[in-house]
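Peer 1: Give me coordinates for this.
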Amino acid sequence: QFQLVESGGGLVQSGGSLRLSCAASGFALDNYAIGWYRQAPGKEREGVSCISPSGYVTNYLDSVKGRFAISRELASKNMAYLQMNNLNAEDTAIYYCAADKRPFGSCHDLKTVEKNWGQGTQVTVSS
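Peer 2: You can find the predicted model right below:
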């Protein structure tokens, strides 16, 4: 059974950093495009970052470029991460990781295909 579990959220001051983790079970993370998404109160969910199955392709929401970095640790750990630096109040949201349900898809396809989702982790940035 595919399962994704996020952790690492919390309360941080503006300018601070957090690293979110996404633990995958039931499938090998390296075969799937992985994305981080967020949803702020009263707003629609938006894509923050994606990493391709190969790990060679990554993309980012314009507002987080240069501040966030997506990565993953394969083999026995089967984890994905989102390093978030220089956080500001606009980054406050629930953050979710998601995996393409199809193996070997692309980050471009991840925008529209059906995905497996984690339960989310809250990130709150105080100004």
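
Peer 1: I'd say residue 118 and residue 96 touch.
Peer 2: Yes: in terms of C-beta atoms under 8 Å, residue 118 counts as a neighbour of residue 96; the distance is 5.5 Å. C-beta here means a position set from N, CA and C on the backbone, and glycine is covered the same way.

Peer 1: Return every residue with contacts to both of the two.
Peer 2: Residues touching both residue 118 and residue 96 (C-beta atoms under 8 Å, 6 or more residues apart in numbering): residue 6.

Peer 1: Show me what the most centrally placed residue in the chain is bridged to.
Peer 2: For the chain, the residue nearest the mean C-alpha position is residue 36 (2.2 Å; C-alpha atoms, centre = their mean). Going by DSSP bridges, residue 36 is paired in beta bridges with residue 49, residue 97.

Peer 1: list the contacts for it?
Peer 2: 20, 22, 47-50, 70, 80, 82, 95-98.

Peer 1: and it, how far is that from residue 51?
Peer 2: Noted for residue 36: a distance of 9 Å to residue 51, by C-beta to C-beta, to the nearest Å.

Peer 1: Spit out the residues that contact those two alike.
Peer 2: Common neighbours of residue 36 and residue 51 (C-beta under 8 Å, 6+ apart) are 70, 80.

Peer 1: where does this protein dip in pLDDT?
Peer 2: 75-76 (pLDDT under 70).

Peer 1: Show me the strands in it, by range?
Peer 2: Using DSSP state E, the strands of the chain run over residues 3-7, 10-13, 18-25, 34-39, 46-51, 58-60, 68-73, 79-84, 93-100, 115-117, 121-126.

Peer 1: buried residues in the first one?
Peer 2: The one in question is strand 3-7. Neighbour counts over strand 3-7 (16 or more other C-beta atoms under 10 Å) mark 4, 6 as buried.
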